[in-house]
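In: A structural model of the following input is requested.
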Amino acid sequence: MSAPDSTHAPVRVGTRRSLLATTQSETVAAMIRERLGREVELVEVTTDGDRSQAAGTPLVESTTAGSTGVFVGALRDALLAGRVDVAVHSLKDLPTYPAEGISLVAVPGREDSRDVVVARDGLTLGELPVGSVVGTGSPRRVAQVHALGLGLELRGVRGNVDTRIGKVRSGEYDAVLLARAGLARLGRLDEVTEVLDPIQVLPAPGQGALAVECRTGDPLAAALADLDDPRARACVEAERAVLATLEGGCSAPIGAMAELVEGEDGDELWVRAVALSLDGGLAVRSSAAGPVSDPAGLGARLAAEMLDDGAGDLEAAPT
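Out: The predicted structure follows:
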């Protein structure tokens with residue numbers, strides 16, 4: 001199927017079928033309707049990841065969050081085949097290398113990128129008794145929680161937000177760790193018992209941000225650029241540069257967070273990053289500040305310093 005030629009034809013936005021994915025895609029669809037004055041239709045694309053989850057196969061966040069997400073490929077295939085005009089992803093799932101024929105045309109305004117705890121009895125992570133079972137599919141979270149020395153048992157968990165929180169409600173787990181952004185988009189922040197301080201747990205690079213992709217050269221690309229938030233893009237470009245540089249010599253779990261802070265000459269970008277052994281026993285942490293005009297350069301320099309400090313020698317998660 002070819003892409004529609006008429007500017008009056010609906011813009012077809014590809015989405016996974018999960019509630020969170022369709023909610024995220026509808027957020028972008030609403031922006032297209034409001035800012036571009038175009039009609040939009042959501043097109044569900046079933047991915048290998050959806051089929052794996054339906055079959056009960058565990059899915060986990062990769063050791064380095066920039067590895068190609070299991071949900072990205074099918075959406076990109078649909079985009080290149082002309083079945084959809086726009087693909088919406090959680091930006092943390094995107095690989096850091098470019099995809100031929102596809103452009104990242106917009107990073108809309110970002111949700112809070114931090115991780116959260118949903119625990120029984122309204123408890124925080126530090127209030128959970130030693131030996132409590134905490135669920136997460138992320139080696140990054142596992143390593144950083146182990147590093148806190150709380151004596152918690154970290155177990156893998158799969159499924160959507162309902163399934164994961166349901167394991168706490170049923171008593172199977174004492175708590176689960178999730179991205180705050182997903183719960184915010186679903187209107188479920190009232191279930192959060194703690195927002196984790198980045199000093200304790202740094203989020204995945206790009207977490208909380210959405211990525212809007214379309215075919216390179218498509219006339220729609222220029223219009224979609226109007227959805228871009230320059231401040232959000234600067235932050236995620238810095239974080240993804242950290243990840244891209246570390247990926248060249250480090251396979252350990254990685255967290256990164258960039259923020260805009262007020263400097264003497266206007267806004268500056270402040271980036272924090274960590275690479276850890278899977279058990280959290282060893283870590284290389286660093287931070288740097290620099291001009292907003294060169295976020296990728298700042299992130300790359302920070303990561304290079306971390307490699308010099310031994311980040312490449314940390315153990316990776318088992319595959």
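In: C-alpha only now, for contacts and for neighbours.
Out: Will do.
In: what's the neighbour count on A275?
Out: Residues near A275, counting by other Cα atoms under 10 Å, number 34.
In: Apologies, that question was intended for R301.
Out: 16.
In: Apart from its neighbours in sequence, what residue is nearest it?
Out: Nearest-residue entry for R301: V242, 8.0 Å, with adjacent residues in sequence omitted and distances by Cα to Cα, 6 or more residues apart in numbering.
In: Let me see the contact set for the one you found.
Out: Applying Cα atoms under 8 Å, 6 or more residues apart in numbering, one finds that V242 lies in contact with A256, A273, A296, G299, A300, R301, L302, A303.
In: I'd like those as a markdown table, with secondary structure, pLDDT and distance to G73 appended.
Out: As requested, the contacts of V242 are arranged in a markdown table below (DSSP: H, G, I helix; E, B strand; the rest coil; pLDDT from 0 to 100; distance: Cα to Cα, whole Å):
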| residue | secondary structure | pLDDT | distance to G73 |
| --- | --- | --- | --- |
| A256 | strand | 98 | 24 |
| A273 | strand | 98 | 27 |
| A296 | helix | 97 | 25 |
| G299 | helix | 98 | 26 |
| A300 | helix | 97 | 26 |
| R301 | helix | 97 | 30 |
| L302 | helix | 98 | 30 |
| A303 | helix | 97 | 27 |
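In: so R185 touches E26, yeah?
Out: No: R185 is not in contact with E26 according to Cα atoms under 8 Å; the separation is 10.5 Å.
In: Just the element for R12, please.
Out: strand 11-15 (DSSP states H and E).
In: list the helices and strands that strand packs on?
Out: Applying 3 or more Cα pairs under 8 Å, 6 or more residues apart in numbering; DSSP states H and E, we find strand 11-15 packed against helix 19-31, strand 40-44, helix 72-80, strand 86-90.
In: nearest to T163, of the ones you listed?
Out: helix 19-31 (12.1 Å; Cα to Cα).
In: Next, the angle from the closest one to strand 11-15.
Out: Orientation of helix 19-31 against strand 11-15 (axes from the mean of the first three to the mean of the last three Cα atoms, to 10 degrees) gives an angle of 160 degrees.
In: mind listing what's buried in helix 19-31?
Out: With burial defined by 16 or more other Cα atoms under 10 Å, the residues of helix 19-31 counted as buried are L20, A21, T22, T23, Q24, S25, E26, V28, A29, M31.
In: tell me the domain ranges of the chain?
Out: 11-107+209-228, 115-195, 234-313 (automatic domain parsing).
In: Let's have these in a markdown table, adding distance to P203.
Out: Formatted as a markdown table, the domains of the chain follow (distance: least, Cα to Cα, whole Å):
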| stretch | distance to P203 |
| --- | --- |
| domain 11-107+209-228 | 10 |
| domain 115-195 | 6 |
| domain 234-313 | 5 |
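In: Buried deepest among those, which one?
Out: Comparing those by mean neighbour count (mean count of other Cα atoms under 10 Å), domain 234-313 ranks first with a mean of 21.
In: thinking again about what came up before, pLDDT added to the buried residues of helix 19-31, as TSV?
Out: Compiled in TSV, those are given as follows (pLDDT from 0 to 100):
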residue	pLDDT
L20	94
A21	94
T22	95
T23	96
Q24	96
S25	96
E26	96
V28	97
A29	97
M31	97
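In: can you pull out the strands in this structure?
Out: Taking DSSP state E, the strands of the chain run over residues 11-15, 40-44, 86-90, 102-106, 115-119, 133-135, 153-155, 175-179, 194-195, 210-215, 254-263, 266-276, 283-291.
In: Paired strands for the second one, with orientation please.
Out: The sheet places strand 40-44 alongside strand 11-15 (parallel), with pairing taken from DSSP bridges.
In: mean confidence score for the partner strand?
Out: Strand 11-15 comes out with an average pLDDT of 96.
In: Need the contact partners of that strand.
Out: In contact with strand 11-15 (Cα under 8 Å, 6+ apart) are residues 21-22, 25, 29, 38-45, 75, 78-79, 83-89.
In: What residues are bridge-paired with the residue nearest to T124 when sequence neighbours are not counted?
Out: Of all residues not flanking T124 in the chain, E194 sits nearest, at 5.4 Å (Cα to Cα, 6+ apart). For E194, the beta-bridge partners under DSSP bridges are V117.
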